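*Asks:* next come a sequence and a model predicted from it.
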Amino acid sequence: MAKIPFNVSARTARLIGRENVASPEGAVIELIKNAYDADSEFGIVDIDYSKNQMLIIDNGDGMTDKVIENHWMTIGTDLKEREYTSNKGRIKSGAKGIGRFALDKLGEICTMITLPRGQKDGFIWYVDWRNFEIKNAKISEINADLNNVVGINLKNEIKKLTSNSRLLNLISKLDFSQGTIIFIKNLRNDWNLELSNKIFTNLEILNPPEDFDKFTINFFNSAFPKDYGLIQTEPFKDYDYKLVAKYEKNSTREVLLKIHRNEFDFTLIDKELFEQEDMKRFPFDKATFKKENFQDKRTFYQLIPGYSKIEKNSISKNIGNFVFTFYFFKNSTSKQDQEKYKFKSFNSSTRKKWASKYGGIKLFRDNFRVRPYGEVDTASYDWLMLGDRVSISPASLNRRGQWRVNPNQVVGTIVFSRLSEEFLDDKSSREGLLESPTFDLFKNIITGLIRYVEDDRSTIGANLSEYFFKTNEEEVIKKEAEDIAEDDSEEEEPEEVVRKQNKKLKKGFRTQKRLLDEKEDELGMMRALASAGILIASFSHEFHHIKNKLNNRAFYLKKHLLELLPESKVKSLENRKNPYYLIDEISKLDEKIKQWIEFSITLTKKDRR
């Protein structure tokens, strides 16, 4: 019996690189993760739009020629799986050994310049990904070039590859005694404003906002020289509820909870509320309510109704350590609800702006986001199906145990490690986790923790609503009149009862009429404001259109003129006759107009409640 080896086609590299990585921003993120794994203090992405090339820079451990030959050049290497912690103690995020093929997703030609830690000589690695497209070629027939460079200076190498003054100023302040520069030419994507904004936003939410290991990210694009720069996350403080659920693997499957109720204004609440049965017990009692912060605990079995302690196959033992930080915030409220529930004041526009960037519940493994969970404007934004729960139970806040949170009213982070969550593994495309019974249970636990907040809020809401109707004369009159009107009984009532009912109906009618008159006045004002709003919106739309044109027109004018007329040929001309000087002046003027338009648009959007 003959034994025959497998042959691997060269197009395999394309299948696990260009076609496997879902998007260019996903490819950039993979390479930034590599910088983190190498113990770098930072990751820098620089796009030279006019030359169609990209730099990715770090000051991590660098690579020796042996590491390049034995690991970087090996498809599916298990190095990070075996050596899963770095010298700094970071848990390495990659484990499949195919992340470097993300380079093929970004461009056709790649040069890597690397200086290993503690050494003076470095290496240059070069590959042309187009070679992998040669018909019938085997992967073993395709080679990369590797050269030794004596006394290499990484800062000088960067200066040779970019003229970006912001980048050059940044690297002058950084340590490059070791590190790696990845230089990609013939980019496969047009890194325009839309794609640049997309990657910048993705990098902003790449790491969890709380307690992240010191690692900074910078992003530059020469097409937009004054935009972008250092990636910074904004802390979120204007929330209604915050839950921090911490699970450290234990036999009782117990989760520790820390809750901050930041929604109800204790100073406005009548203290007689706490005489109601629900409000006498923890955590609704007066002392706990006043403190706002409290702790509790729940087991998996309490969080998931019907989940048996002797669950089939004991899947719960697969769940490892995790921390779930969850924020709930409403975006608006009515005057009546404000009066009934005694909400604290809040800034709706700030909340909406923050939610548009950070909204959704995101997964972070070893300090890096697992895409695409919780990604705004994608099908995976509501991966916990919170919207479906609202559709099934669309109850208002006064319905104890039935109110459900909307997916557009939440921000959350779930932080875990691949060391403790070995059953939550990546898909090879890096676009999500593999579906499994363990992942299903994990989702149910997270949903159960959200239900804890829902039950807490709706219990308070139901009690505040009951107390409001009990103590508010107008509401009592309305409620009594509604009860009489909805009574379908055909039995004749005694005259005295009928007389009392008529009196109640009259009072109810007068109260309702007064409220309707007030509503009519309010609607009249709203119509006037709506007309003004339509006018403002039409101007705003035109302003947006103008602003978008201002973004690039001077850049493209200069780019196309350079193809016809070298700048050196007009250097001797007076400024008023030099087209390049005039374009720069137009660009400065465009920038001022753009800033004025942005200010005007922002002004018309501000919440005035």
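*Replies:* Yep, it's here.
*Asks:* hey, which helix or strand in the protein has the poorest pLDDT?
*Replies:* helix 79-82 (a mean of 58; mean pLDDT, DSSP states H and E).
*Asks:* could you point out the helix or strand that follows that one?
*Replies:* Downstream of helix 79-82, the next assigned helix or strand under DSSP states H and E is helix 102-106.
*Asks:* tell me what that following helix is packed against?
*Replies:* With contacts taken as 3 or more C-beta pairs under 8 Å, 6 or more residues apart in numbering; DSSP states H and E, helix 102-106 sits against helix 24-37, strand 179-187. C-beta: built from backbone N, CA, C; applies to glycine.
*Asks:* which element is the residue nearest to residue 293 when sequence neighbours are not counted on?
*Replies:* Leaving aside its sequence neighbours, residue 293 sits nearest to residue 260 (C-beta to C-beta, 6 or more residues apart in numbering; 5.2 Å). Element membership for residue 260 (DSSP H and E) is strand 254-261.
*Asks:* most neighbours per residue, which of the helices and strands packed on helix 102-106?
*Replies:* Of all the helices and strands packed on helix 102-106, helix 24-37 has the most neighbours on average by mean count of other C-beta atoms under 10 Å, namely a mean of 24.
*Asks:* list the buried residues in the helix or strand following that helix.
*Replies:* Following helix 24-37 in sequence order, the next helix or strand is strand 42-48 (DSSP H and E). Applying a neighbour-count criterion of 16 or more other C-beta atoms under 10 Å, the buried positions in strand 42-48 are 42-48.
*Asks:* wait, which of these is closest to residue 252?
*Replies:* Distance to residue 252 across the buried residues of strand 42-48 (C-beta to C-beta) is lowest for residue 43, with 41.0 Å.
*Asks:* hey, where'd the helices end up in the stretch 151-300 of the chain?
*Replies:* Secondary structure of the stretch 151-300 of the chain (DSSP state H, counting those that start in this stretch): helices located at 154-161, 165-171, 193-204, 286-291, 300-303.
*Asks:* let me fix that: the stretch 401-550 of the chain
*Replies:* Going by DSSP H, counting those that start in this stretch, the stretch 401-550 of the chain shows helices at 437-471, 473-485, 495-564.
*Asks:* among those helices, show the one with the smallest mean pLDDT.
*Replies:* Lowest mean pLDDT within these: helix 473-485, at a mean of 61.
*Asks:* still on that earlier bit, and the helices of the stretch 151-300 of the chain as TSV, adding mean pLDDT?
*Replies:* Converted to TSV, those look like this (pLDDT from 0 to 100):
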stretch	mean pLDDT
helix 154-161	94
helix 165-171	93
helix 193-204	90
helix 286-291	95
helix 300-303	92
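*Asks:* ok, which of the ones you listed comes nearest residue 9?
*Replies:* Nearest of these (C-beta to C-beta): helix 193-204, 30.6 Å.
*Asks:* which neighbouring elements make contact with the closest one?
*Replies:* Counting contacts by 3+ C-beta pairs under 8 Å, 6+ apart, helix 193-204 packs against helix 24-37, strand 42-48, strand 216-221, helix 495-564.
*Asks:* which residues are contacting that helix?
*Replies:* By C-beta atoms under 8 Å, 6 or more residues apart in numbering, the list of residues contacting helix 193-204 from outside reads 24-25, 28-29, 32, 45, 47, 189, 217, 219, 221, 223-224, 227-228, 231-233, 357, 371, 548, 551-552.
*Asks:* which ones are touching the residue nearest to residue 293?
*Replies:* The neighbours of residue 260, taking C-beta under 8 Å, 6+ apart as the test, are 241-242, 292-293.
*Asks:* again with residue 421
*Replies:* Contacts of residue 421 by C-beta under 8 Å, 6+ apart are 319-322, 365.
*Asks:* now, these that are in strands?
*Replies:* Per DSSP state E, strands hold the following members of these: 322, 365.
*Asks:* wait, isn't residue 188 in contact with residue 102?
*Replies:* No. Residue 188 lies out of contact with residue 102 (C-beta atoms under 8 Å); the separation is 11.6 Å.
*Asks:* so between those two, which is more surrounded?
*Replies:* residue 102 (23 against 15; other C-beta atoms under 10 Å).
*Asks:* how far away is the residue positioned nearest the centre of the chain from residue 598?
*Replies:* Central residue of the chain (C-alpha atoms, centre = their mean): residue 358, 4.0 Å from the mean position. Distance of residue 358 to residue 598, given as C-beta to C-beta, to the nearest Å: 21 Å.
*Asks:* much appreciated, bye for now.
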